[in-house]
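> Attaching a predicted model along with its sequence, questions to come.
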Amino acid sequence: MNKGFLFFVFSLCGCLILFQSCFYVVNIVYPIKYEQEISKYSSDNNLDQSLVASIIYAESRYKKQVISNKGAVGLMQLMPATAASFYDGQSFSTKLLFDENVNIELGCRFLKYLFNKYNDIVTVLACYNAGESAVIAWKGESKVLKLEDIRYKETQNYVSKILKVKDYYNLRLKFKHSRFV
């Protein structure tokens, strides 16, 4: 066998191992749980799954029993009043937000509402984090909110983080059925 061909084969094997290792690291750093729920409710609300996964990662690190110091609850850290306004059931209870199906469904409905109203990912994420009234004040007459227009450093960091993490989840979800991953 010729040395050039062997070098090519070993190089290809090395690249595949490196490729698989990169995905392994991404899977550890950016875990994903509740894939079926994310897929279902993202699809039901015409949302990007990687965006929903990124929000859950940023808000709760996939821990469903989390309550923030401001009162936001569950995986997607929904304020009970906001969640209640998107709930279709008989009577709403904050305890429902600890259920991954309810939390992800209501979080996706809220995101769909924001996208229908603002149609801009930076504006939507800023609203999700800081509330619509703050974002309306930041936007002024502008149609699109820019990252530098966001006056809360926490919200600026939040939007930046979601956009970065979304790329990792997008890559992960895109290649999840690859036999190399």
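Yep, it's here. Numbering: from 1, shown residues only.

> Tell me how this protein divides into domains.
Following automatic domain parsing, the chain resolves into domains at 1-30, 33-174.

> can you redo those as a markdown table with mean pLDDT?
Putting these into a markdown table (pLDDT from 0 to 100) gives the following:
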| stretch | mean pLDDT |
| --- | --- |
| domain 1-30 | 51 |
| domain 33-174 | 94 |
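
> and those, which is most packed in?
The highest mean neighbour count among those, using mean count of other CB atoms under 10 Å, belongs to domain 33-174: a mean of 17. In this view, the C-beta of every residue, glycine as well, is placed from N, C-alpha and C.

> Distance from the chain centre to that one, please.
7 Å (CA atoms, centre = their mean, to the nearest Å).

> Straight-line length of that domain, end to end?
The straight-line separation of the ends of domain 33-174 (CA to CA, to the nearest Å) is 16 Å.

> what does stretch 31-38 give?
Using CA to CA, the two ends of stretch 31-38 sit 13 Å apart.

> cool, stretch 40-52 as well?
Using CA to CA, one end of stretch 40-52 lies 11 Å from the other.
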